[in-house]
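1. let me see the structure of the following:
(chains A and B)
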Amino acid sequence: MNCPIQNRNPEALVAYTAGALDREAARALERHMADCAACRSMAADQAAVWKALDAWEAPAISPDFDRRLYRRIDREVRFSWWDRLTRAFRPMPLRQALPVTASAGLLLMAGLLLQHPGPSTRVAPRGEIVRANQVESTLDDLDLLRQFGAPDSAESAHPDAM
Amino acid sequence: MPCDSGRYALIRFGLILLLTGAAGPAKSQQEPDRPAAQQPAANPIDRWNRMTPEQRERELAKLPPARARLIRQRIWRYNHMRPEERQALRERYQTFAQLPPEKQQLVRQRLREYRELPAARQSLVHREVAQLRALPDAQRQARMNGDEFVGRFSPQERQIIRDLTTYFPD
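-> Below you'll find the predicted structure:
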């Protein structure tokens, strides 16, 4: 199996920790993770995020939820510009902040890992193929430009085409 | 878990965003820093030279043997030009390659017409283009509309000078 991190396809790891991979793909990934510390570590971090998200329980909606919501929207409309500006900086309750922080941490780690891969993860660039026709037309253009280019081109007249 | 798909999508989206951002710097690390003004972009011949001998032979094998031989000879000449001459040609080609296709075609046509001029006329036309290129736009236009210009050059030569000066600033 190709390494999901080297292939810049960590979705397989995310799907694995979410239990979204089929059995065969999950086994292949587990075999790969047995030898790949980077994938193992990323899967463990991802599992930690899932755990944090699982621990987060959304509060039950109260019977008067709609009425309070509309009242709040109504209040919001009447907020001063200063209230609106400073709202974003007010502290978030811990229960809400925990999963957000865990997700941000994982994303940061994944970014760092992929930005500084080990020596074995560098992939050689694929050689570009230039068509012979393109080479021929470029040579024609270079001939024209060369004949016009040099100040003494007219005198020497460049009999030898490139 | 009722929110699994939403959370999964959120995490996946975040990861994709992050990886997209990470791909840029990683690529730039693989390429050495080079000042763009000093190093013109590689032209197709330079890129051809970077291919493996097997790749080049495979491409040339698609052409009739005589044509392939001629291309080999022409590439050999390009590769054996004096380095400063080749560099100047690279820069000129880069300027040319940056023109829109229709302008490239026009410049090509004028350069072919120039090539067909007698050697003595080529010299005069070349010198005139070089002098016009050095002038500010208004003076250049005034000179090209002047009697002396009209008297010295044929209509075809004037067109060559005009188009090469306008569309192909060296």
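2. what about A:C3, which SS state?
-> Look at A:C3: counting by DSSP: H, G, I helix; E, B strand; the rest coil, its state is coil.
3. my guess is it meets A:C36, correct?
-> Yes: in this structure, A:C3 is within contact of A:C36 by CB atoms under 8 Å, at 5.7 Å. Where C-beta positions appear, they are placed from N, C-alpha and C, glycine not excepted.
4. which ones are touching B:A41?
-> B:Q94, B:A97 (CB atoms under 8 Å, 6 or more residues apart in numbering or on different chains).
5. ok, now with 6 Å
-> The contact partners of B:A41, taken as CB atoms under 6 Å, 6 or more residues apart in numbering or on different chains, are B:Q94.
6. so where's the chain uncertain?
-> Since no chain was named, I'll use chain A. A:7-9, A:53, A:56-61, A:77-80, A:88, A:91-98, A:110-127, A:150-162 (pLDDT under 70).
7. right idea, wrong chain: chain B
-> Those would be B:1-40, B:170, if you go by pLDDT under 70 across chain B.
8. going along the chain, name the helices of it.
-> B:4-30, B:44-50, B:53-60, B:65-79, B:83-97, B:101-116, B:119-133, B:137-145, B:147-152, B:155-167 (DSSP state H).
9. over to chain A?
-> Using DSSP H, helices in chain A cover A:11-17, A:23-35, A:37-55, A:65-77, A:81-87, A:94-115, A:132-149, A:153-156.
10. got TSV for the helices of chain B, with mean neighbour count and distance to chain A too?
-> Formatted as TSV, the helices of chain B follow (neighbours: other CB atoms under 10 Å in any protein chain shown; distance: least, CB to the nearest CB, whole Å):
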stretch	mean neighbour count	distance to chain A
helix B:4-30	14	4
helix B:44-50	18	4
helix B:53-60	14	5
helix B:65-79	15	5
helix B:83-97	16	5
helix B:101-116	16	4
helix B:119-133	17	4
helix B:137-145	12	18
helix B:147-152	11	15
helix B:155-167	18	8
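11. rebuild these as TSV, extending it with distance to A:M109.
-> Below are these laid out as TSV (distance: least, CB to CB, whole Å):
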stretch	distance to A:M109
helix B:4-30	10
helix B:44-50	37
helix B:53-60	40
helix B:65-79	48
helix B:83-97	42
helix B:101-116	47
helix B:119-133	56
helix B:137-145	57
helix B:147-152	69
helix B:155-167	53
